[in-house]
Structures are given as structure tokens and as C-alpha cells.
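Participant: 3D model of this:
(3 chains, ligands or ions: 8)
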Amino acid sequence: MPTDDAVERERQGAGTPGTDVTKDGLRGVRPDREAVTGVTTGRPRGGRGRRRRGGETPQVPDATFTSYYAEPVINKPVWEAPDIPGYLFLGGLAGAASLLGAGAQRTGRRRLERSSKVGAVAAGFLSLVGLVHDLGRPQRFLNMLRVFKVTSPMSVGSWLLAGYIPVAGAAAASAVTGRAPRAGAAATVAAATLGPAVASYTAALISDTAVPAWHDGYREMPFVFVGSGATAAGGLGLLTAPVAETGPARALALAGTALELATFERMERRLGMVGEVYSQGRGGAYVRAGTLLSVAGVVGAVLGRRSRVASAVCGAAMLAASAATRWGVFHAGMQSADDPKYTVVPQRQRLEQGEPATGTSTTTRTPAATTAPSEAAEA
Amino acid sequence: MAPVDVTIGRRPDLTGALLGDTDPAAQGGWTDHPPRMGFFTDTSVCIGCKACEVACKEWNAIPEDGLVFTGMSMDNTQGLGADTWRHVAFVEQRKPLAVQDPGVLHEGVDVLALAPQGSGTSPDEAGTTPTTPGDPGDLRWLMASDVCKHCTHAACLDVCPTGSLFRTEFGTVVVQEDICNGCGYCIPACPYGVIDQRKDDGRAWKCTLCYDRLTVGQEPACAKNCPTDSIQFGPLDELRERAGARLASLHDGGVTDARLYGRDPHDGVGGDGAFFLLLDEPEVYGLPPDPVVTTRDLPAMWRRVGAAAATLVGAAVAAFVAGRRI
Amino acid sequence: MAECHPVGFQWVMEAKARGATVIHVDPRFTRTSALADLHVPLRAGTDIAFLGGIINYVLANEKDFREYIVAYTNAGTILTDEYRDTEDLDGVFSGLDTEERTYDFHTWQYEGMEVQAASGQRDQEYEDHPGTKKGRASSKSVRQSGRGEAHGSGGAAIAGEPEVDPTLQHPRCVYQVLKRHYARYTPEMVEQICGVPQDTFRQVCELLTDNSGRDRTSAFVYSVGWTQHTVGVQYIRTAAVLQQLLGNIGRPGGGIMALRGHASIQGSTDIPTLFNLLPGYIPMPHAHAHMDLDSFIEGESPRKGYWAEMRAYTVSLLKAWWGPAATPENDFCFDYLPRLTGSHSTYETVMAQLAGNCKGYFVLGENPAVGSANAKMQRMGMANLEWLVVRDFSLIESATWWKDGPEIETGELRTEDIGTEVFFLPAAAHTEKDGSFTNTQRMLQWHHQAVEPAGDARSDLWFAFHLGRRIREKLAGSTDEMDRPLLDLTWDYPTTPLQSHPGDVEPEAEAVLAEINGWDAEGGPLSSYEQLNDDGSTACGCWIYCGVYSDGVNQASRRTPATEQNWVANQWGWAWPANRRVLYNRASADPDGKPWSARKALVWWDEEKALWQGHDIPDFTASKSPHYRPPTDASGAEALAGVDPFVMQADGKSWLFVPAGLTDGPLPTHYEPQESPVPNLLYSQQRNPVRQILSMVHPDDRFQPSGSEPGAEVFPYMMSTYRIAEHHTAGGMSRYQPYLAELAPEMFCEVSPELARERGLEHAGWATIVTARNCIEARVLVTERMTPMTINGRVLHHVGLPYHWGQGGLARGDSANDLAHLSLDPNSHIQEVKVGQCDIRPGRRPRGPARVELVKEYQRRAGITEHTGTEI
Ligand SMILES: Nc1nc2c(c(=O)[nH]1)N[C@H]1C(S)=C(S)[C@@H](COP(=O)(O)OP(=O)(O)OC[C@H]3O[C@@H](n4cnc5c(=O)[nH]c(N)nc54)[C@H](O)[C@@H]3O)O[C@H]1N2
Ligand SMILES: Nc1nc2c(c(=O)[nH]1)N[C@H]1C(S)=C(S)[C@@H](COP(=O)(O)OP(=O)(O)OC[C@H]3O[C@@H](n4cnc5c(=O)[nH]c(N)nc54)[C@H](O)[C@@H]3O)O[C@H]1N2
Ligand code: SF4
Ligand code: SF4
Ligand code: SF4
Ligand code: SF4
Ligand code: SF4
Ligand SMILES: [Mo]
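Facilitator: Ligands and ions are numbered 1, 2, ... in the order given. Okay, here's the model as predicted:
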């Protein structure tokens, strides 16, 4: 509210001469059309008083958050299920499975090796299919390889998949047919080298957006994703390999689940109010299902480690768990994009704490929130 | 000076994203380029005539965007998208516009009970055109024309895997529709919700800052049609200066609510090529209060991806070591 | 203004940037209010009370610009003692004929002289012209038909010299009459009638008067919010009285700006599409027995002022039309002109269609099935025709009502029963043809063809030209006298072949402009109407446009940039008369010819050069000294003194009191609208006694009870129709365009939260609005921009209805005009669509015959008969 002084000043302003039309032409013209509106009259003070007395001033709670008709601030991803959560899931599975396959080869677990390698290339390929299918213009997929941009995780990922799928394929082919063992071994190494990247880059892919639940979770998301990938790969091993060979698969799944659950928990906590999308709605349901399935799967796999059936069932549960997590992350992200409060409130808090975003923050300034959990995870 | 493929073989935007105010055209690979051009949209003089919306559609032959009565004051367009590159927001508020007397009075009914969350209420839930809490007898009607911000550090451009989005010699951000493969990555990347996918053709579309007009020395269609000069087009330096003076004169005039949005070259996107003078908080108009170019955090993301990958390798090795026992 | 004239509104913003204060007076808070400094919501239909209140304030506090009004207005002129004011007769003026519902205005005269109606108006007095003195009989048909659009350039005829009291003390002088007339328009009364709080009202009074006078000027801007009333012309008159009192006419920054509608609606009154005018506001002759040119001129033209040359204007017009066939011997073909037999306004034409008298109809550039009041009557009228020709861009409702109109849905019409043969001809848009627009500043701007029209679309000029050509071909060789006017027409316009259709030719628009401008005996272009002669040696299609083609150059196509000329910009386009931009601008200088103020200089008398000088072209004889006084026998322009700025008026003065020329009173008086929820608090006379209704009585056009009459409570809400920025008029140019249709895709109504609660209306839901004529449905926009008003102790709600929708196009909806009635302003025959009464209820309207039934039920409940609302 302007002060009475301001009102008075403006009233006087209204009385000043303004522009003149003299015999010699115009005088006192401002060059632009820059009207200052709402300042030259002032309110009839008596009138407002009279009105105020007449009407009861409604008691309204201080609005903590405003938006434009509850419309989302950002445009939510046009990506759709199952293509994109499937792509995330399969990438994780493929990457981790390549490691499992390589280890199995190294330790002479032939069945595990074969199924992991075949699983890896199949998952890698299908993840690509998912991506291509989701493209607005799939026939233009090759435009992905027009450029290489490190600023675009999708570009990085496309190149990565382009490199990974052939070597994973070669490794699998060699393992299945038993031919060209040298080349197969080299391909296996290559796939195992690229695999971890394949399993983790998708975290950067989704985090590198303005979707609050994804972007703000970028510190933990790669760990969630590799954990989930490890669970899936372990699950695949349990599902497909004989009991004698499943030890490492079980161990990997256990580690994966532990990593995933721990980092997910951290992520949710650090996301604060935005984190609620991971426990609400569709996203939350998937996340819960994923947690239940993975815990059940791991527990079952450990307890039933001598049973081929139990192992297989638990393996399947782990695969499902990993998929559910990705679906959960996907939908939670969508929910956070849909509701403007997830965009506005954290940003507003940032401003209120006097810490506006700057283009230089990552290099020159470490916001308080960035310290704890993820740094630990990194270490 | 070919505009395509400027991103091949370099990492301009990754480093650029970290540097605050920069010369985006130069970073885009242009040498000897014209000054950076942009918009200053002064919403304090907007009359909500939507001439900008229509002119943009006419000039760019954008398809009709749906015939929906929204109940959002006079806004039936709802927001920016693939088929709306200029969008005029209408906000009815129980707040004074300086000392304007709006003459209205609503003492008979508690309108805020009809729209309990103020302007954040969606029309479906509102009993009245949502109104910000305030005193009865106060009313102002804000109008603001929104557009792509042509960010200094443009997330859409950074994340585009095909190079379809590129930086022009004017420092603006443009989609090349023949290259876009519809991957949709730019869409959630934009912190302002500007760019979007056209459903029937799969490609991403947004304001080009009338690149075709600029290259022949013409003003963008929306600015050309704005009757009150709410949309001002020109070299960004000049606009920034003018906006400063304008803000000062509004403050002097008692319009203390006036503020600039997107002018600061040190904000989370390195400043907007299209910036605004607003009369309320940005979120009231559907704008993010403190946007950040998502790729600002990309180096950290890559580091964590690396760490996670290493962790996975470690876990796998451990699994084979431990696997013998379980 | 921001809604309907957004491009013009940039100048309001510029004025604001230069320090102007903007006050918006409108029942609703609109885009204009959003940018104004002060928004004054008032009850629709009460502006005369509001402005009358300001007049009272000005007079009571002596805030008038005394030197100005004494010198330039008729403030001091003394009226006859026969005159009786509304003060004396409780709301009516002397001379009311209650049977005929007309005024005889002889008692409204100046003492010692007789004044005659303004142009378009004078004919009603033909038989008792001050010169001819044939007595006081005047027929009803003449009075009705003579109710002209007197807003052109015309003044009134005066014989004799009026008595003037420059001290303004004489009890019968205009100033004192005015004072008494408005004395009861007190702030308390304004508050009761208009719902404007007294302090807001005082603030408006102060802002306006503080900003008027010698050093400052204020401008009024209005459009159809003021005209579409049964007292519309008197609204404008009230503003005129106020602006004269404040000295705001003819001065820079002053004036009353009528924002107009369609791009060349001004042009269409200058060169009229109106039944009662000829080009340049020359009245259409009436069917008096044996009237010839001389008696017509004698009956019409005043002795003083520029209208004294009416014979020259008329003869030149006849020469332009009939060329060599027009000779002094045959009265320049004066007899070829059709004669009026009564009023033939658009609504009377509909009544004639319904009566079966009007059998064919051209609808060019109009969509009456949506845009005209009581649109159902329009459709029913068209359904009773033999043929109908519609020329438009799209298949508008006026071309398709016979298959998809609302009456087909209700079963009131059946397609197979309709005998009308409908021809649809695609029209070319302005971008597809050459031509001119005349804007509200009387400025002609030429537009050049950008592309040839596609397909069969052709310009209206093409249509008129070829229609005339073909008819003339058919009549060629006829010896029937009746065909002479057609066969003798000059119809020899040059043409150019169409590129897309080489066999087809387009007449050249510039040749028509040249003819409108006129030429001398040698065929050379004229440059000023002062050159026109009454002996047939000059031809001119419209005298006020004379000069638009001077030197053989299309002056309307001039586009000199602002930077290359002065701020008045006389070199942009061309404005009538004589390219003056501010009419009557001699009033910007004091009687001695000096600017009233150094900061308000527009034109002034340069003693050395003995010429009027200035930024604008002086609207005055350039060499006429301020000290010039005419000899007693002078006539025409010579008869005006150097202190008579209002050169089109016979006395050179601006009129606070209008002794003749208006059908409904010499001074604006507040009457309630045809339908109003409140009684008239000022007088026992409820409505304008001479509003035009009787010719319209029809079962489909019933009126509602008003005020405290029984049944009025059935329609408890005020209703107003208007435009939004998103659409244009009846929608033919916007609802069919995707980019505009999507901006406002459905018919909606605006209501306050209070009304929404009272009636259970849901935001963004549906509501049904009912009047005695019809019911329509609309989406609901509940908004605080609509404010309840306290009127005479009672809270009143407005229902706001944009009127742009119909059943065709991309954005569809019911038409607000189905609700409107046919009670018209008696001067201009304009419909009262700015204010009415209605009921509003939640939900969609009934379909089929139930729609009609609902309306009948309301009629029954309100006890409506054919007499309701027709009281004088
Ligand atoms: N966008 C757009 N522009 C247009 C047109 C269009 O259809 N759309 N039409 C053109 C045409 S043909 C015309 S004639 C002009 C008309 O231009 P306007 O006259 O400006 O148009 P309206 O909206 O019909 O009426 C103006 C205002 O009058 C208010 N009003 C109603 N009753 C009263 C009253 O009793 N007193 C007062 N003071 N105000 C009242 C209404 O609330 C409305 O806001 O616009 C032209 N421009
Ligand atoms: N309830 C209510 N009713 C109103 C009003 C109101 O305020 N309230 N306002 C009134 C007013 S001010 C007006 S002006 C009328 C307007 O009412 P109308 O004149 O009946 O409606 P428009 O839609 O303007 O119709 C003009 C048509 O001309 C066509 N057209 C445009 N250019 C050309 C051309 O060059 N040649 C030809 N042949 N056709 C062309 C357009 O496509 C359009 O269909 O409505 C009046 N009715
Ligand atoms: S506003 Fe969005 S679409 Fe526009 S340049 Fe910035 S990031 Fe890209
Ligand atoms: S949708 Fe098109 S423009 Fe957007 S990121 Fe993908 S390829 Fe680039
Ligand atoms: S600059 Fe051009 S493309 Fe962008 S909003 Fe304006 S008109 Fe549309
Ligand atoms: S920005 Fe300009 S053109 Fe757009 S709505 Fe506002 S005033 Fe109209
Ligand atoms: S539509 Fe044409 S006439 Fe109307 S405001 Fe716009 S430019 Fe002016
Ligand atoms: Mo109009």
C-alpha cells in the first residue's frame, strides 16, 4: 500500500503541467509511451473508510504458495509409459547384466554367463526400441547420431547404446555359440566397461530436466538407478541360472537392493516436500511395490538359496521390483511436473533464504543442502 | 555462417552454462555476429488485447490450439505450448494497482470462501474466477504476455541430442524442424514450460523470435502488433537499460510492486533474452520464481553418474567375491 | 476502449505517459478499467443522470469557462416564453403530442426568431419553414422519417437575430434554463440513481473541472455504451453540454470522440447507407406533392453558415450522378431522387418483411440474424421474403438460418415451408480490393489491393457496378419514364481486367473517389467545396469530401511519416472538411484570435499576415479577422462573424440548448430505459416519452414491466450487452477464424460472486438467461469485475452478455440479441441493447419447443400483454 504521502505526491503530480501545445510546437513530451497507470487519482479516502466499515474483511490465511490457476509451471515430459520407464529399467538391467556376465565368464559360471549376456543385449536393444518408439518421429532416430553433445545425456546415451549394443551382442553371440572366443572375450570386456555407464547415465538423463522430483534428486538418482539395475541383473541371474551358479547374482541383487533403498531414502528426505511424490499417487504405489518386491525378493533369495524354484521366483520378483522402481520414479516425476507447487515452493524457499540460483553456483558456491548424503554416497 | 551443426565437436554450452553473463551467439559458434536481440515485455502497460498471440499465429502459421472455455478470467489459451508461442495471462487480484480506484465492492459475499486457495485455485474447484486474498474493494487485473525466454543458458538447447535446437547469430534459440526427431527431451528441460511437442507431428515447437523476420531486418510479429508497446524488441543491452529506467519511474510513481524478471545476467539461466517487468511475484503469472538451467548441475550429475557406475563395478566385483559364500 | 479500440488505446496510454488522468465510467471493470486511474461503475442506462450531476456541479460552483461560453455558445440566448421545461411539466417538455408520441418543437425556439432543424432533420419542418411560413401542420410520417442521423456536419437554419444577454442573468437565457433544469441532479440523486458513491462522484467532478478551463482541457471518449439507448442521442448531448461549459470543444486535448465501429462506419454515414440522408448529410427529400429543387432548398437551407450553400452541394451531387442529363431545365434531375414516405430504418424494414410488404433484401457486410436486436424477428422477417442476397466472406447465420437457425430447432420454422430464395455471393475483403476507410476523425485512408480475391469472391464495388450495368443493359431502349433515372446515370467507370479471370473486369475505385471529389466544367479536379456552384458547372459526389482528390492526387493515400511533419500530421490521409483535423478549431483561440493559453495553442490570428495560422488547418475562413462583423444582409459564410467558430451552425455558435433538430427534447433529461427495475427518481415520467416503439409492436417482441409495476420482479436483474476484444460484432469475421475463435470459444455471461451465490450459478458451468422475448444459454464467468450496485436502497446485479455468438462458425453459442427488444432511440433509430432486464437461472436452456414454452411461462408470470411497457 502506498503511503498517504505517496498519494499526495501523486495528486500533486496530476496537477503539474504535463505536455504543452505551444505556438512553437510541443513542449515537455516524453519520448516513449510509458504510462504509469493507477497513480494520478488516489482513492477517495472517505469512501474507502465508509466501505470498509460496511463490509467485513474476510479472514484469509496467508497464502503460502500462489500459482496461475493451478496450471503447471513447466511442461511435463511428453514421454510415455511403458516406453520410457521401460527404457530406464532395461538400460539398468543391461548394464548390470553385462558386469554379471563378465564376472560369470571369469569365474566359469557358463549358464549365468550366457543368460546374463543374452539378457544384457536383449535389454539394451529393447531399451533402444523403447526410446525409438517414444520418439515423436522415430524415422529420424539417426539424427541422434548427427552430433555428440556432452550437455545432452540423451546424446551421450545414444552414442553409448550405439557402442554398447554391438559389443554386448558380440559377447552374447560368442557365449551362446562358443565361437570366436577371443573376440568374445574382448567384447565382454568392452560391454562390461560400457555397462556401468549404460546402467547409470539414464539417471543423468532424467535428472537433467526441470522436473522437480528428478532434477533435485540428481545426487542420489544414479545410485538408485545402478542399485536398481544391479537388483534386476541379479534377479535375471537367479531366474535363469542353476542354483549352483547364482551366488554372485544373489549377492549383486542384495547389494543393489541395499544401495537402492538407502539412496532412495536419502533422496526422498533431501527432496523435502518435493519428495512426497515418491510416496503419493501412482508414483508412490509403484515405488512401494518396488520396495516390497525387492526386499521380498532378496530375503527370499537368501532364505531359499538352495531351491531352484524359490530362486527363480525371487529373481522374477527382483526384476519386477526394478521395473516398479523405474515406473515409480517415472510417474513421481510426472506428478511433480504436473503440480506447480513442486516447482514454485522450493524455488520460493531458495529465494526466501536469500540463496537465489545463479548460473555459477556449482563451481563457486556449494548450497548448504548439497553437502550431506550424496557426498557420502560418492565417497 | 551456417547455423546448423554448431554443436559438433565442442562443448560450448556446458562451459557456457557455468559462466554467468556471456555472449551466447559467440558461444554458439558465430563470429562477427549482430548484437544480441531480445524482448522487454512491460506488463504494466499490457491491455490484454491478445494481438501478439494472434499475430504470432498468423505469421508462423501455427495450428489452432483447441476451443476450450476455461473460466480462467479472459484466458482461454492457458499457457505456452507447441501451438501457442505467445500467451497472455490474465490475473484478477484483490490488490491495489498503486492508488487506482477500481470502484468495485464485494461486501455481500466472501468470495475467498468461493475460491479458497486464492489465485492458485484451478477453475474446476473455484466458485469464482480465482482471486488473490486481499481486501474487499481492492481489485486489479493484471495482464502479461509470456513467450520463450531465449535463455542465455538454454536448457532446451543444451539437452537437445540432435542439434535441432541451435543458437542464432542474434543470440536467440531456434528449433530446426527438419532435424528435430521428436525425442521430447527439450520439453521437460525448459524451466519455464515453454517448448512443447505438437501431438500430430511429434516435433517440438516454440517461439523462434521470428528468426525469419530478424534475418531480413524486421521486427518480430508480436512486437510489431502490440498496440501499447508492452512488447519491446531490440538489442538486449539497450532493453536492459531501458527496463532499469522504466522500473525506476514506476517506483517513483508509486507502483512499488513493479519488478524486473529475467533481466539479471547472473540468475539461474544467465539472464533471459526475453525478460519482463511484472507487477507481482512471477508464480502469479505462472512463471517459476527462481528458475535454473538444468545443465548447470550436469557436471555434478556426470560426476555422480561416474561414481555410481564405479559403485556398480565395485558391487559386481564384491558380488563375485562374496558370491561364493551365499 | 482497450476492448474494442485497442489500437486507438495506444494513444490513451501515450496521453497517460504525458500526464493525463484516465477515468473509466462503465458498469463493468474491463480491460480499459484495468489501465485507468479511476473506474466508476454505474448502473447501465443512467449516464444522463451522472453527467447531468456534473453539469449541476459545474453550474452551481461556477466552474464553467465563462468567457468561452459567452463568446462561443448560445448560453446567453433568450428563449421564448412559450418554452416549458421538464421542471415545469414533471419530466416532459412543452409540445408533447401524446397521441402521436412526438414533440412539436416550436416552443423550444429563441426569442424573436425561428430556428429550423439540423440537416436530415429540417424536412420535417418543411411546411412551416421560417422563410415559407406555411403554418404549423406537419405530418407524422415526415416527423418520423425525418429523424435523421444529424451527427454529420449539419447545423440548423435560423431566421433573424436572436436576443442575447451576455451577462447570462436573464431568467429565460439558456444558461439560467440549464441551471434550473439540472438543479435536481444532486450528488445524492446521482448516488441513488446511478449507484455511484457521492465521494467518487465528487472526485470525478473535481478531476474534470480542475483539468478544464483556460490552461487545461479534457476529452470525452464514448462509443455504443452511450448510444444504444432509447435516449442515446441525448447521452451524447449531455456530454456536449458539459464540454461546452468547460470550454473543451475545438481546442487541443479537448473534444468528444465518438469511437466508431466497423472500419468505415463513419464513411457509411458520410456517403450514407442510411435511408434518410444523401451524401454529405443532405437530407433525403420527402414525398411532398410537387416539390421541386427550389422548394427543397428553400425548405432545407439556412441563410447563414456553410449550409447556406446547400443548393450548390445538391446540384453538384445531381450532376455527379446524372451528368449531362442533369440540366437547369429539368431541375438537374431532382425528380429522379426517390422520396421518403416515412421511416425505413432497418427495424421498420423487418416489420415490413413480416407484413409481407418487403419482398427482397440485400444483406451486404452485415449479419442481422445475429447482430440486430431481437434477432429472431430478423430471421422470421427473412423467412417471409421472396429473395435474399447475402454477400459475405463466410456462410454466416444470415445465410443459413433457414436450415440451422434457432427457430428450426424449436420447430417455429420448418425448412420445407420457407419460400425465401437465398443467394450467397462470396465477398472480397479489404485486403483484396482498393478503397478507402473513413475513421472517427473523419479521416480517409486509402488501402491498396494486396492480393486478388480467390475464386468467385468479388468486391462490393464490382457487384454494384455490374449489377447496375446489367440492369441498364436490360432496360436499354426503354421509353418508360420510370427507367430514366437508371438509364441516365453516369455509369462509365473505367475498369481493369482481373488477372485471375481475364474476361472479368473490376471498376477502378480511384475513379469513384475522383467523382466523389468532383470536377469543374473543364473536368479538372476540384480542391474545395467552396468552389462548388449551383448552376451545374461543377459535379461533386459528396461535398464534404471535396478536396480528397485535389490536384488529381489521391490525398487519402498520403502516408508521410510522423517524423517528416508536425504533430497534427495533416499529411497522413485526408480528413473532411478540407483536411482539418480538429473541427471548429477557431475556438482554440479567444475572441481576439489569441490562444486561450500559451500551452493550448492550435490556431491563432496573425495580425501581421492578416491570416489564421496554426498547427492545424484553421476551420475558418483564413483571412477573416476576429474583428469582422457581417453586414446585416450578408448570407452564407459571409454572415458569420469573426467570433463565430462553429461554422456549420447557422449562428456560428455551439448549442447548449438545441432549439431544433432533436426529436426528444432540447435538453438531455434522465429517463429510465425501456425496461428498468427502478422507477424514475427524478420525474414521474418513467421513460423517454417519444422513444420509438409503436411501429414495432409484435407478438415476438413483448416488453416487460418496469420499476414497481407488478410482474417486474420476474426479471429482477439488469442486463447489458457488449463486446470483448476477442471477437468482432456478429462474429462473421471472428468466429469463423480459428485464431480468434479459440480465444473466446463459447458464449459466456459475466456475473458477480454475489449474484452467482444468489442464483446458484457455477463458475465455468452453464446458465440460462430469460427475457420476455427469448431465452439463451451461456457459460458462466463469475468475477469480481462485476460489482453489485446499491440503487435507491436496493442491491442490483448486472448480467453481462457479450453478443458475438451464433450457431455458425468455429466458436458457437446462443445469441444475446435473441433477448433484446425493439425500443429505439427516436433520433437515430438505434436499438436499446445496452440495458435491459432479465432473469438468470443455473443450467442449460430447454431444447426444442420447450424453449418457447419457458419464455411463455415467464410472460404469463409477469402478466405481459401487448400493452406492457408501451405507456408513453
Ligand atoms: N474487439 C472488438 N472491437 C470492436 C468491435 C467488436 O465487436 N469487437 N466492434 C466495433 C463496433 S461495430 C463498435 S460500434 C465499437 C463499439 O465499441 P464500444 O462501445 O466500446 O463497445 P461495447 O462493448 O458494446 O460497449 C462499451 C461498454 O459500454 C458499457 N455499457 C453498457 N451500458 C452502459 C451505460 O449505460 N453506460 C455506460 N457508461 N457504459 C455502458 C459496457 O459495459 C461496455 O463495456 O467497437 C468496435 N470495435
Ligand atoms: N446486443 C447487441 N447488439 C448489437 C450491438 C451491441 O452492442 N449489442 N452493437 C450493434 C453494432 S454497434 C453493430 S455495428 C452491429 C454489427 O452487426 P452486423 O453488422 O450485423 O455484424 P458484423 O458481424 O459486423 O457483420 C459484418 C459482416 O460483413 C462481412 N464483411 C466484412 N467486410 C466485407 C466486405 O468488404 N464486403 C462484404 N460484402 N461483406 C463484408 C463480415 O464477414 C461480417 O459477416 O451490431 C449491433 N448489434
Ligand atoms: S525458455 Fe525454455 S524453450 Fe526458451 S530458450 Fe529457455 S529453455 Fe529454451
Ligand atoms: S524434441 Fe527435437 S528439439 Fe527437442 S530435444 Fe528432441 S530433437 Fe531436440
Ligand atoms: S517472436 Fe515471433 S515467433 Fe516469437 S512469439 Fe513473437 S511472433 Fe511468435
Ligand atoms: S502484450 Fe501487447 S499485444 Fe499482447 S496482449 Fe498485451 S498489449 Fe496486447
Ligand atoms: S481491428 Fe482494426 S480497427 Fe479494430 S482496433 Fe484493430 S486495427 Fe483498429
Ligand atoms: Mo458498431
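Participant: list the buried residues for the helix or strand hosting A:Phe125?
Facilitator: Assigned by DSSP states H and E, A:Phe125 falls within helix A:110-134. For helix A:110-134, a neighbour-count test (16 or more other C-beta atoms under 10 Å in any protein chain shown) marks A:112-128, A:130-134 as buried. In this view, the C-beta of every residue, glycine as well, is placed from N, C-alpha and C.
Participant: now do that helix: which elements does it pack against?
Facilitator: On a contact count with 3 or more C-beta pairs under 8 Å, 6 or more residues apart in numbering or on different chains; DSSP states H and E, helix A:110-134 meets helix A:83-106, helix A:153-177, helix A:181-207, helix A:221-240.
Participant: let's have the ones you listed in JSON lines, adding distance to ligand 5 and mean neighbour count.
Facilitator: Converted to JSON lines, the helices and strands packed on helix A:110-134 look like this (distance: least, C-beta to the nearest ligand atom, whole Å; neighbours: other C-beta atoms under 10 Å in any protein chain shown):
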{"stretch": "helix A:83-106", "distance to ligand 5": "29", "mean neighbour count": "29"}
{"stretch": "helix A:153-177", "distance to ligand 5": "25", "mean neighbour count": "22"}
{"stretch": "helix A:181-207", "distance to ligand 5": "29", "mean neighbour count": "24"}
{"stretch": "helix A:221-240", "distance to ligand 5": "34", "mean neighbour count": "32"}
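Participant: make JSON lines from those helices and add distance to ligand 4 and mean pLDDT to it.
Facilitator: Shown next, in JSON lines, are the helices and strands packed on helix A:110-134 (distance: least, C-beta to the nearest ligand atom, whole Å; pLDDT from 0 to 100):
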{"stretch": "helix A:83-106", "distance to ligand 4": "13", "mean pLDDT": "96"}
{"stretch": "helix A:153-177", "distance to ligand 4": "7", "mean pLDDT": "96"}
{"stretch": "helix A:181-207", "distance to ligand 4": "12", "mean pLDDT": "96"}
{"stretch": "helix A:221-240", "distance to ligand 4": "20", "mean pLDDT": "97"}
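Participant: where does the residue in the stretch 1-150 of chain A that ligand 6 sits nearest to land on pLDDT?
Facilitator: Nearest residue of the stretch 1-150 of chain A to ligand 6: A:Arg33, at 11.0 Å (C-beta to the nearest ligand atom). If you check A:Arg33, the pLDDT there is 71.
Participant: for it, grab the count of nearby residues.
Facilitator: Neighbourhood size, A:Arg33 [other C-beta atoms under 10 Å in any protein chain shown]: 21.
Participant: shouldn't it be in contact with C:Ala15?
Facilitator: No - the pair A:Arg33 / C:Ala15 is not scored as a contact, 9.5 Å apart, by C-beta atoms under 8 Å.
Participant: now do the contacts for the residue of the stretch 351-500 of chain C found nearest ligand 1.
Facilitator: Residue of the stretch 351-500 of chain C nearest ligand 1, by C-beta to the nearest ligand atom: C:Gly371 (8.7 Å). Counting by C-beta atoms under 8 Å, 6 or more residues apart in numbering or on different chains, C:Gly371 makes contact with C:Thr729, C:Ala730, C:Tyr803, C:Asn817.
Participant: how about 6 Å then?
Facilitator: Counting by C-beta atoms under 6 Å, 6 or more residues apart in numbering or on different chains, C:Gly371 makes contact with C:Thr729, C:Ala730.
Participant: ok, now B:Asn181?
Facilitator: By C-beta under 6 Å, 6+ apart, the neighbours of B:Asn181 are A:Leu135, A:Arg137, A:Arg140, A:Asn143, B:Thr162.
Participant: closest one to ligand 5 out of those residues, please.
Facilitator: Closest to ligand 5, out of all of the contacts of B:Asn181 and judged by C-beta to the nearest ligand atom, is B:Thr162, at 20.8 Å.
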